[in-house]
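**Student:** Here's a sequence, model it:
(2 chains)
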Amino acid sequence: MPSLVVTAHTTARTIAAERGNAVVKAKSLTIDNQVGAGDCAITIQDSFTPAPYIGVPAPGAELIERFRALVQAGDMITWGEEDLKGVRCLGAMLVDSDVIKATCYITVGYEHE
Amino acid sequence: MLELVPKPQFSVVIPPKLLQEGYLVSFASDWPSTHNAIREKTFRIDAVNQVPYDRSYILPTGAVGTLYRDVDFSNGSGAFQESIYPENQNTLFEVLLGFKPGNFLSHWYLPAGKSVHNLEYAQMYPDLTNANRMYLGARQPKDSPYEDPRIKLYFVKDLAPLIMRLYVLAGVDFEKIVVGLTINKCLMREIERPTDDQKLKAKVIRYFDYLRW
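**Tutor:** Residues are numbered from 1 along each chain as shown, chains lettered A, B, ... in the order given. This is a model prediction of the structure:
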């Protein structure tokens, strides 16, 4: 299972790119906000463009929130596979935050299925 | 108690899912006259080549029957055409098709607008705009899983367009429909005067119309 660490940022960070024949499933998530002041609201986002369908030859891009958690300053929270069951991205998996905080680390484990 | 387990009387041999080199195929008389080159003829498979091909479509859900995607397997540059028909008269494409799990269903038409899964009573045909009949004749992912595909299609040159209509069920915003195809390319050679034994052994391929008697 691949994983990636990013820091909290208001510009969404790409965790896993979209793959044509698979969805991206979140397998683990750790948000380490132990250092520094300020809470972080973290979201997992799903970014994709639908395929053309009847009546709509060029659908627009979509950005959908699949998971959201608020981690208070001084806390570190981990979610396992059971907790994240059902969190799956049809396109690329992104992680976004409501604040920029270089000391808030987000570790995401994921798999293409 | 001491027991000697006897030798089994027989063993089970599972035949291959796809046509193999040396196999015989014959095309039934129900093929339209536009397919005279193969109609009522028997062929030997001289070569095969399995070509895997995954396709996926992210589609939204919508009000009953309003949003769907037609997947046209015929050749061409149209937005919904997949171009997986043969271009040569002596080629047969045997296609296995399976779905990854998801909240969707598929309806099948040949040619466009003519369902292959009607019942006999009036109006008992698949209809995405009807809350009940949208499930009539619908193939779901569990019917033909990606890992063990059970939908099999036969394509020859100039076959009328076969349409797979994909529809995302209510209750999800979007769904990713992943379709796994294995295209078994078969090079055919006609047997001019097949023996009775060859006729008997040949796999009979009928036209899709036979599903609509």
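**Student:** Low-confidence stretches in chain B?
**Tutor:** Low-confidence segments of chain B, defined by pLDDT under 70, span residues B:1, B:63-65.
**Student:** nearest spatial neighbour of the residue nearest the centre of it, skipping sequence neighbours?
**Tutor:** When chain B is reduced to its mean C-alpha position, the closest residue under CA atoms, centre = their mean turns out to be B:Leu153, at 2.4 Å. Distances taken as CB to CB, 6 or more residues apart in numbering or on different chains put B:Val95 closest to B:Leu153, at 4.3 Å, once the chain neighbours are dropped. Just so you know, the C-beta spots here come from the backbone N, C-alpha and C atoms, and that holds for glycine as well.
**Student:** from what I can see the one you found touches B:Val156, true?
**Tutor:** No - counting by CB atoms under 8 Å, B:Val95 does not reach B:Val156; the two are 11.6 Å apart.
**Student:** sorry, back to before: dump the residue contacts of the residue nearest to B:Leu153.
**Tutor:** With contacts defined as CB atoms under 8 Å, 6 or more residues apart in numbering or on different chains, the neighbours of B:Val95 are B:73, B:84, B:152-155, B:181-184.
**Student:** what's across from it in the sheet?
**Tutor:** Using DSSP bridges, the bridge partners assigned to B:Val95 are B:Leu153, B:Ile183.
**Student:** Please list the residues of chain A that sit near chain B.
**Tutor:** Neighbours of chain B within chain A, by CB under 8 Å from any CB of the partner chain: A:20-23, A:48-57, A:59, A:62, A:64, A:90-91.
**Student:** can you rerun that using 6 Å?
**Tutor:** Contact residues, chain A versus chain B (CB under 6 Å from any CB of the partner chain): A:20-21, A:23, A:48, A:50-54, A:90.
**Student:** filter those to the buried ones?
**Tutor:** Neighbour-count burial (16 or more other CB atoms under 10 Å in any protein chain shown) applied to those gives A:23, A:48, A:50-51, A:53, A:90.
**Student:** Where is pLDDT lowest across those residues?
**Tutor:** Model confidence across these bottoms out at A:Tyr53, which has 92.
**Student:** A:Met93 against A:Ile15, yeah?
**Tutor:** Yes - contact status for A:Met93 versus A:Ile15: in contact at 4.5 Å, counting by CB atoms under 6 Å.
**Student:** closest to chain A among the contacts of B:Val95?
**Tutor:** For those, the closest approach to chain A (CB to the nearest CB) belongs to B:Leu181, at 10.7 Å.
**Student:** So which residues of chain B form helices?
**Tutor:** In chain B, the segments counted as helices under DSSP state H are B:196-201.
**Student:** what's the most distant pair in the buried ones among the residues of chain A next to chain B?
**Tutor:** Maximum pairwise distance in these, criterion CB to CB, is 18.6 Å, between A:Val23 and A:Tyr53.
**Student:** Would you mark the buried spots in the longest strand anywhere in chain A?
**Tutor:** Ranked by residue count, the top strand of chain A under DSSP state E comes out as strand A:101-112. Taking 16+ other CB under 10 Å as the neighbour-count basis, strand A:101-112 is seen to contain the buried residues A:101, A:104-111.
**Student:** and A:Ile44, helix, strand or coil?
**Tutor:** When states are read from DSSP: H, G, I helix; E, B strand; the rest coil, the local structure at A:Ile44 comes out as strand.
**Student:** circling back to that earlier point, anything in contact with each of A:Met93 and A:Ile15?
**Tutor:** Shared between the contact lists of A:Met93 and A:Ile15 (criterion: CB atoms under 6 Å, 6 or more residues apart in numbering or on different chains) there are no residues.
**Student:** Which of those two has more residues huddled nearby?
**Tutor:** The residue with more neighbours, out of A:Met93 and A:Ile15, is A:Met93; 29 against 25, by other CB atoms under 10 Å in any protein chain shown.
**Student:** could you pull out the strands for chain B?
**Tutor:** B:24-27, B:42-60, B:69-72, B:91-99, B:104-109, B:151-155, B:163-168, B:174-191, B:203-205.
**Student:** With B:Leu119 as the reference, name the closest of these.
**Tutor:** With distances scored as CB to CB, the stretch of the strands of chain B nearest to B:Leu119 is strand B:104-109 (13.8 Å).
**Student:** Contact partners for A:Glu62?
**Tutor:** Neighbours of A:Glu62 in contact, by CB under 6 Å, 6+ apart: A:Phe48.
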